[in-house]
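> predicted model and sequence below, questions to follow.
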Amino acid sequence: MRLETTGRKELIRWVLSWMPDVKVLAPKSLRDRIAEKLRDGLRAQK
């Protein structure tokens, strides 16, 4: 899927709601932010 958006915060939440059934391919900045959020979530569970 390809889309354009102006709101990164809402997009990150939406992508995370589809985990683990989604993979962010680009842009790298979004892919990195999603990975960071996932790591933060895992750390919070310890």
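Great, that's in hand. Numbering: from 1, shown residues only.
> could you dump the least confident helix or strand in the chain by mean pLDDT to CSV, C-alpha only?
When each helix and strand of the chain is scored by mean pLDDT, DSSP states H and E, helix 8-17 comes last, with a mean of 94. C-alpha atoms of helix 8-17 as CSV (Å, rounded to 0.1, in the frame of the first residue of the first chain):
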residue,chain,number,x,y,z
ARG,A,8,3.3,11.2,11.3
LYS,A,9,2.0,10.6,14.8
GLU,A,10,-1.3,9.2,13.7
LEU,A,11,0.3,7.1,11.0
ILE,A,12,2.7,5.5,13.5
ARG,A,13,-0.2,4.5,15.8
TRP,A,14,-2.1,3.1,12.8
VAL,A,15,0.8,1.1,11.6
LEU,A,16,1.4,-0.3,15.1
SER,A,17,-2.2,-1.3,15.3
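> buried stuff in that helix?
Judged by neighbour count using 16 or more other C-beta atoms under 10 Å, the buried positions of helix 8-17 are Leu11, Ile12, Val15. Placement of C-beta: from N, CA and C, glycine included.
> check which helices and strands it sits against.
Where contact means 3 or more C-beta pairs under 8 Å, 6 or more residues apart in numbering; DSSP states H and E, helix 8-17 is packed against helix 28-44.
> tell me the buried residues in the helix it packs on?
Leu30, Arg33, Ile34.
> centre of the chain to that helix, how far?
Centroid displacement of helix 28-44 relative to its chain, using C-alpha atoms, centre = their mean, to the nearest Å, is 7 Å.
> average pLDDT across it?
For helix 28-44, the mean per-residue pLDDT is 96.
> which other helices and strands contact that helix?
helix 8-17.
> distance between the helix it packs on and the chain's centre?
6 Å.
> again, but for stretch 12-31
With C-alpha atoms, centre = their mean, you get 4 Å for stretch 12-31.
> let's have the chain start at 318 instead
Sure thing, new numbering starts at 318, so read that last one as stretch 329-348.
> now the buried residues of helix 345-361 as TSV including distance to Asp357?
Listed next are the buried residues of helix 345-361 as TSV, based on distance: C-beta to C-beta, whole Å:
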residue	distance to Asp357
Leu347	16
Arg350	10
Ile351	11
